[in-house]
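[1] mind folding the following:
(chains A, B and C)
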Amino acid sequence: MIEFKNVSKVYGNGVRGLDHVNVTIQDGEFVSVIGLSGAGKSTFLRSINRLIDVTEGEVRVDETSITGANKKQLRKIRCHIGMISQNFNLVKRSTVQKNVLSGRLGYYSTLRSILGLFTKEDYQRTLDALERVGLADKLHSRSDELSGGQQQRVSIARALVQQADIILADEPVASLDPITTQKIMTDLKRINQEMKQTVVVNIHSVELAKQFSTRILAFKSGKIVFDGLPEELTGEELKRIYGRNILEDQKNED
Amino acid sequence: MTRSKGSMKRILVGALTAAVIIYCAAGIDYSGAASFSPKLALDVFQGLLKPEWGYFYDGSGEDLISLLLLTIGIAFLGTAIATVLAIPLALVSAANLWKGHTLVPRIGKLVCNVLRAFPELVYAIIFVKIVGPGPFAGVMAIGVHQIGMLGKLYTEEMEAMDEGPVEAMMAVGANFWQSLFFARVPQLMPIYTTLSLNHFEIAVRSASTLGLVGAGGIGAPLIFAIQARGWAKVSIILLGVIVTVFLIDMLAGVIRKKLR
Amino acid sequence: MKIKDTVHYDWYKKVLIFLVILAGIVASAVVTEADFLEVMQNRKQMYLFLEKFMKPDFAYIPKILGPMMMTLKMSVTGTVLGVLFAVPIAFLATEVVTSNKAVTFVVRFILDVVRTIPNLLLAALMVAIVGIGEFTGVLTIAVFTFGLVSQLIYESIETIDFGPIEAAQAVGANKIQTAVWAVWPQVMSQIAGYTFYALEINVRASTVLGYVGAGGIGVMLNSSLALLQYGRVSIIILVILGVVAVVDFVSETIRRKLR
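    Numbers count the residues shown, from 1 in each chain, chains lettered A, B, ... in the order given. Predicted coordinates for the structure are as follows:
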């Protein structure tokens, strides 16, 4: 469960990234976060695992306050939160296996991990995670030899190997073609339904948000201006959020 | 309107540059050119065309081959020491590793800049006084100078690298050292190796001159030969230096290709 | 669990590289009679040095300014001279202008040879031929710059846009006309950039050329060191540092404007 209690984030230059945000996300939800660029989507997502520090309020993950956690506690909490990004964030020159395995780093002491002494169980978990995303045969391939869609799936495998309860995805399909986009979103949906993991996705395609999520949050200028079911997101609401009926625009583009 | 302004600016800049150049050129004492006699130059060139092949190898340990190998050894050890020590220096000097504490990286960068500001020759002279004449002084001189040069380059690469994978490591719960080894090192290793290799090439060139001040290698015999006007010896040494640098450059090129 | 299934599957590669480098280091250490303990033992001497260096002789500055300006003038003149010769030769070294591969090969080979000679050795050679003095320094810098810049220029010629060249050839221009009208305008600003890059390197290098008699502030450096006047040595180095920093700054600003 993710709770935001009166959270605000003011950047050094005075820009309000988040403005008194109050929201609770239950386990097992598939939440899409939409809004214009700079509306606060990224800040919101990154506050969940404290990659961004908030200036006011409290963020709680599974009953534990992440804003108040010290370094050690923070590491522990992050072990259970997986993250995938638009740029995949894989170490390009490392093998797929090493990239996925690095998802378990939070469970190791510094020395053991640097010497590469991972447990047999973790190697097996890596293989299992890759099988789930259909890339078991690429175990020892260099990560930059894979296509964009495959790299994103390796990224998902890394989140899976963490055995995370929550998966955060920051524009995961923004740099992928339409077919791969569907594949990735379907994978995320499958993980959400089969493994009961909470998924929070930043996405700029309203169509995809409506297609896959159980709940949609819309941000504007750091505030949540819509919080409800995909069906409730009508053209009227979109006009409020974006200033125009984005859905029509995106449909016309295709 | 803007067009004529632009070309006015260009003409002004051009005139200024020309003026500076002429001022500099005029300030040189050209008396050297007067004492230059074509016959002398011809003598020299003729002498250079007959290399003293006997100097190539005579088993004495003071011959060309031995000294060239010594020179390469000086360059290699110096660069190796510098590489090893430049890495921690870069860790201290890279601003993106010290978010919020700007003092530490500034000090680190200052150390780099101070170390690389001194020409290697000056270091060589100093180390000759500390550890005595010989190749080791050359090693130290190259080593210390390269720590500054490599330190600055390593820092620049560290600051310019892709932070994405690092962020991913943080998100997974890794600590600073883990993200260093799993996200930063794999990205930087090829670049650092190339930079070290480049500086090894440069070091071979420097090492062949440091002998001038007693820091060992082929430099001393060369300078003595030049001053004694023993052109045959000069030419064989120069030939040796040129071939050596050439071979090292080629070797470095091969290794660079393997790194892709 | 087999090692080849883990992240250490290429361990033999890593071990091999490590051993090769280790062998190189050991061999070099033996050959150069490296004795790090000696450095430790003699560290008192080093501290003594550092102490003397910490007290720069500021009163000596007026005597330095003259030679320092001379060194600068030497560097500028030498650089410009070198670039002036480098440009036409660089054009010859590219297949773009001369489609004769033999010519290109020969020119590049000569340039490689010139570039391989360290410039202190070049200076010593020049001094022996031409005699001591700033003029020799100018010549050394010119030759060094010539070798350095010509490669940079011909490499950049090879990467330009071929459109204008084809257009020139299509209207029947000969090699020289193509070079002037299609190639030159594109590489012009890059050549200016390289000139400043060479200037930065040359200012640094020229400070020591005087050591072998090629004029400039290196001569004073040499004499101060010989006389063990370390206070003077450190003020000379400080002045050199200052000048190099200024030249670097000016050069960076201009190169940025050129982009």
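
[2] how about low-confidence regions in chain C?
    Within chain C, the set of residues satisfying pLDDT under 70 comprises C:1, C:95-99, C:258-259.

[3] quick check: the residue of it nearest chain A.
    Using C-beta to the nearest C-beta, the point where chain C gets nearest to chain A is residue C:7, with a distance of 4.9 Å. Bear in mind the C-beta positions are built from the backbone N, C-alpha and C, glycine included.

[4] what are the contacting residues of the strand or helix carrying residue B:178?
    Assignment of secondary structure by DSSP states H and E places residue B:178 within helix B:176-179. Outside helix B:176-179, the residues within contact range by C-beta atoms under 8 Å, 6 or more residues apart in numbering or on different chains are A:105, A:108, A:110, A:113-114, B:166, B:169-170.

[5] out of the residues you listed, which is nearest to chain C?
    Taking those together and measuring to chain C by C-beta to the nearest C-beta, the closest member is residue A:113, at 10.5 Å.

[6] buried stuff in stretch B:215-224?
    Of the residues in stretch B:215-224, those with enough neighbours to count as buried (16 or more other C-beta atoms under 10 Å in any protein chain shown) are B:215-223.

[7] in strands only, show me those residues.
    Cross-referencing the buried residues of stretch B:215-224 against strands under DSSP state E gives no overlap.

[8] out of the residues you listed, who's near chain C?
    Subset of the buried residues of stretch B:215-224 in contact with chain C: B:216, B:219, B:222-223, counting by C-beta under 8 Å from any C-beta of the partner chain.

[9] ok, and which of those residues reach chain A?
    Filtering those for proximity to chain A (criterion: C-beta under 8 Å from any C-beta) leaves nothing.

[10] how many other residues sit next to residue C:227?
    10 (other C-beta atoms under 10 Å in any protein chain shown).

[11] switch the contacts of helix B:176-179 over to TSV; also include secondary structure.
    Putting these into TSV (DSSP: H, G, I helix; E, B strand; the rest coil) gives the following:
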residue	secondary structure
A:105	helix
A:108	coil
A:110	helix
A:113	helix
A:114	helix
B:166	helix
B:169	helix
B:170	helix
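
[12] pick out the most distant pair among those.
    A:108 and B:166 (17.5 Å; C-beta to C-beta).

[13] buried ones in the helix ranked longest in chain B, by neighbour count?
    The helix that spans the most residues within chain B, counting by DSSP state H, is helix B:64-93. Of all the residues in helix B:64-93, those buried under the rule 16+ other C-beta under 10 Å are B:64, B:66-83, B:85-87, B:89-93.

[14] roughly how far does whatever residue of the stretch 51-200 of chain A ends up closest to chain B sit from chain C?
    The nearest approach of the stretch 51-200 of chain A to chain B comes at residue A:106, 2.6 Å away (C-beta to the nearest C-beta). Applying C-beta to the nearest C-beta, to the nearest Å, the value for residue A:106 to chain C is 17 Å.

[15] pLDDT (mean, whole number) over stretch A:115-122?
    Predicted confidence along stretch A:115-122 averages 88 (mean pLDDT).

[16] can it be found next to chain B?
    No - counting by C-beta under 8 Å from any C-beta, chain B is not contacted by stretch A:115-122; separation bottoms out at 9.2 Å.

[17] check what contacts that stretch and list those residues.
    Residues lying outside stretch A:115-122 but in contact with it, judged by C-beta under 8 Å, 6+ apart, are A:101, A:104, A:108, A:112, A:161, C:1, C:6-8.

[18] next one: stretch A:98-114
    A:75-76, A:78-79, A:82, A:90-91, A:118, A:122-123, A:125-126, A:129-130, A:143, A:154, A:157-162, B:169, B:172-175, B:177-178, B:181-183, C:7.

[19] only alpha carbons, please: show it as PDB.
    The C-alpha trace of stretch A:98-114 is given here as PDB (Å, rounded to 0.1, in the frame of the first residue of the first chain):
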ATOM      1  CA  LYS A  98      24.400  -9.400 -14.700                       C
ATOM      2  CA  ASN A  99      21.800  -6.700 -15.200                       C
ATOM      3  CA  VAL A 100      18.900  -8.800 -13.900                       C
ATOM      4  CA  LEU A 101      21.000 -10.200 -11.100                       C
ATOM      5  CA  SER A 102      21.800  -6.600 -10.000                       C
ATOM      6  CA  GLY A 103      18.200  -6.400  -8.900                       C
ATOM      7  CA  ARG A 104      19.100  -8.400  -5.900                       C
ATOM      8  CA  LEU A 105      21.900  -6.100  -4.800                       C
ATOM      9  CA  GLY A 106      19.900  -4.700  -1.900                       C
ATOM     10  CA  TYR A 107      20.100  -8.100  -0.200                       C
ATOM     11  CA  TYR A 108      23.900  -8.300  -0.200                       C
ATOM     12  CA  SER A 109      26.700  -6.800   1.700                       C
ATOM     13  CA  THR A 110      29.000  -4.600  -0.300                       C
ATOM     14  CA  LEU A 111      32.000  -7.000  -0.300                       C
ATOM     15  CA  ARG A 112      30.100 -10.100  -1.400                       C
ATOM     16  CA  SER A 113      28.400  -8.200  -4.300                       C
ATOM     17  CA  ILE A 114      31.600  -6.600  -5.500                       C
END
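
[20] would you mark the buried spots in that stretch?
    Along stretch A:98-114, these residues count as buried under the neighbour rule (16+ other C-beta under 10 Å): A:98-108, A:113.

[21] looking at those, which is nearest residue C:13?
    Closest approach between the buried residues of stretch A:98-114 and residue C:13, by C-beta to C-beta: residue A:98, at 14.8 Å.

[22] how far does the helix or strand that the closest one is a member of sit from the chain's center?
    Secondary structure assigned from DSSP H and E places residue A:98 in helix A:96-101. What separates the centre of helix A:96-101 from the centre of its chain is 19 Å, taken as C-alpha atoms, centre = their mean, to the nearest Å.

[23] how about the contacts of stretch A:115-122, which pair is most distant?
    Pairwise distances across the contacts of stretch A:115-122 peak at 18.4 Å for A:161 and C:8 (criterion: C-beta to C-beta).

[24] between those two, who's got more neighbours?
    A count of neighbours by other C-beta under 10 Å puts residue A:161 above the other of residue A:161 and residue C:8, at 24 against 14.

[25] surely the more buried one and residue A:123 touch.
    No - at 10.2 Å, residue A:161 and residue A:123 do not qualify as touching, with contact defined as C-beta atoms under 8 Å.
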